[in-house]
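**Q** this one's structure only:
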């Protein structure tokens with residue numbers, strides 16, 4: 001097969017979230033050696049609250065990116081136009097225009113990538129006119145990429161399953177530090193970490209409540225919270241801070257946003273990673289994969305693609321969302337059972353190496369680009 005030309009539509013960090021990190025990782029990967037990657041940069045370096053917002057700057061960025069794509073299609077004659085899609089109405093309307101431009105001005109195949117799990121619910125909640133527009137624009141799509149098997153049915157109404165590819169998130173982590181951590185004999189569980197946006201549905205309040213329950217029984221544990229407060233929920237910070245018992249305040253620390261080497265160091269000194277998310281747009285949290293790469297058992301929820309990532313009882317423990325007592329019990333079960341904790345630490349690192357490296361993720365994405373040109377029926381019947 002000749003070297004493919006792929007127009008990659010998407011933003012780069014900052015801000016740091018699933019799509020920006022994935023686009024940067026793709027552009028810097030070995031895929032650029034196999035394909036000619038042309039980046040159409042849609043970055044908005046304001047904070048994440050502006051994503052998909054109906055403001056003038058976003059409208060201007062959209063118009064400018066459409067004009068740029070028109071020029072790229074005429075100049076580069078792409079084989080593939082690759083578009084991560086939004087799960088909101090305004091965001092999808094913006095993204096779908098890329099499909100139309102690609103079809104009108106080139107013979108490129110359109111590949112979409114869903115970095116979440118909400119698109120099916122988004123579609124079902126729309127009115128008839130909007131659904132017809134989504135049906136029309138999805139009819140222009142050749143292939144869809146999802147983060148886990150659980151999300152395949154989202155696109156089955158528009159594409160046959162052999163044109164829906166599962167490409168899990170990947171993470172770049174040097175695991176030598178994790179190996180040294182796991183090699184230490186007689187490790188005691190002391191450090192429990194939450195790292196995410198500090199928003200209600202990511203489980204920050206649940207984490208703090210569970211921390212206080214754990215500290216009532218094991219007062220020497222240390223609970224660390226890393227991330228930025230989410231501006232959209234103005235009450236969550238007050239509720240979270242108010243839920244911390246004064247007796248335990250010195251055992252629950254807030255680090256703010258942590259990135260780069262400081263983030264790596266935090267994971268390497270973490271014993272248990274906790275993410276009690278029920279975020280409605282959740283797909284497969286990269287932060288869970290990063291924790292596994294650092295040899296951390298993960299305590300999380302049966303939500304989105306997390307049960308495909310964290311094997312309950314093997315690489316971590318899963319609970320039902322919003323059950324703070326079960327969350328505390330899961331954490332304490334690892335604190336009290338050193339053998340189980342050590343086994344899960346090793347299993348988490350092994351699972352990361354086998355399934356969730358950036359190299360493997362990008363290999364699968366490259367396969368999606370190349371597989372689009374295999375002769376297959378494009379669409380199922382409506």
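**A** It's in. Quick caveat, the model's predicted, so the values are computed rather than measured.

**Q** neighbours around residue 237, how many?
**A** Number of residues near residue 237 (other C-beta atoms under 10 Å) recorded here: 17. Where you see a C-beta, it was placed from the backbone N, CA and C, and this is true even at glycine.

**Q** Now for the residue nearest to it when sequence neighbours are not counted: which residues touch it?
**A** Leaving aside its sequence neighbours, residue 237 sits nearest to residue 229 (C-beta to C-beta, 6 or more residues apart in numbering; 5.1 Å). Taking C-beta atoms under 8 Å, 6 or more residues apart in numbering as the contact definition, residue 229 lies against 198, 199, 236, 237.

**Q** do residue 141 as well
**A** 99, 110, 111, 112, 158, 159.

**Q** ok, and the most crowded of those?
**A** Tallying neighbours with other C-beta under 10 Å puts residue 112 at the head of the contacts of residue 141, with 26 neighbours.

**Q** Report whether that residue is found in a strand, as I expect.
**A** Yes: counting by DSSP: H, G, I helix; E, B strand; the rest coil, residue 112 is part of a strand.

**Q** Please verify my assumption that it contacts residue 145.
**A** Yes: under the criterion of C-beta atoms under 8 Å, residue 112 makes contact with residue 145 at 7.0 Å.

**Q** mean confidence for stretch 239-248?
**A** Mean pLDDT, stretch 239-248: 94.

**Q** Can you list the residue ranges for helices in the stretch 101-250 of the chain?
**A** 119-124, 128-138, 152-155, 176-183, 204-217, 236-242 (DSSP state H, counting those that start in this stretch).

**Q** Give me the contact list for the second one.
**A** The set of residues that contact helix 128-138 without belonging to it, under C-beta under 8 Å, 6+ apart, is 89, 92, 93, 96, 99, 100, 123, 126, 155, 158, 159, 382.

**Q** Return the distance of the first one relative to residue 202.
**A** Spelled out, that is residue 89. Separation of residue 89 from residue 202 (C-beta to C-beta, to the nearest Å): 23 Å.

**Q** Looking at the two, which is more packed in?
**A** For residue 89 versus residue 202, the count of surrounding residues by other C-beta under 10 Å is larger for residue 202: 24 against 15.

**Q** Which other helices and strands does the host helix or strand of residue 290 contact?
**A** For residue 290, the element it lies in under DSSP states H and E is helix 286-293. When contacts are defined as 3 or more C-beta pairs under 8 Å, 6 or more residues apart in numbering; DSSP states H and E, helix 286-293 packs onto strand 191-195, helix 260-268, strand 272-275, strand 298-301, helix 306-309, helix 338-355.

**Q** buried ones in the last one?
**A** Yep, that's helix 338-355 we're talking about. 341, 342, 344, 345, 347, 348, 349, 351, 352 (16 or more other C-beta atoms under 10 Å).

**Q** If we only consider those, which is nearest to residue 66?
**A** Minimum distance to residue 66 across those is 38.8 Å, recorded for residue 352 (C-beta to C-beta).

**Q** The closest one touches residue 296, doesn't it?
**A** No: applying C-beta under 8 Å as the test, residue 352 and residue 296 come out as separate, 9.9 Å apart.

**Q** Farthest pair within the contacts of residue 229?
**A** Greatest spacing in the contacts of residue 229, by C-beta to C-beta: 199 and 237 (9.9 Å).

**Q** quick one: buried residues of the least confident helix or strand in the chain by mean pLDDT?
**A** Every helix and strand in the chain was compared by mean pLDDT, DSSP states H and E; the lowest is helix 176-183, with a mean of 88. Buried residues in helix 176-183, counted by 16+ other C-beta under 10 Å: 177, 178, 181, 182.

**Q** Now stretch 185-202: average pLDDT?
**A** pLDDT averaged over stretch 185-202 gives 93.

**Q** do stretch 259-269 as well
**A** Stretch 259-269 comes out at a mean pLDDT of 93.

**Q** Residues in contact with it: which ones?
**A** Residues outside stretch 259-269 that contact it (C-beta under 8 Å, 6+ apart): 16, 173-174, 177-178, 181, 191, 193, 195, 224, 226, 255, 258, 273, 290-291, 293-294, 296.

**Q** so what's residue 110 bridging to?
**A** Using DSSP bridges, the bridge partners assigned to residue 110 are residue 81.

**Q** Hmm, it is touching residue 99, no?
**A** Yes: with contact defined as C-beta under 8 Å, residue 110 reaches residue 99; the gap is 5.0 Å.

**Q** Stretch 339-359 - what's its average pLDDT?
**A** 96.

**Q** any idea how far that stretch is from the chain center?
**A** Its chain's C-alpha centre and that of stretch 339-359 lie 18 Å apart, by C-alpha atoms, centre = their mean, to the nearest Å.
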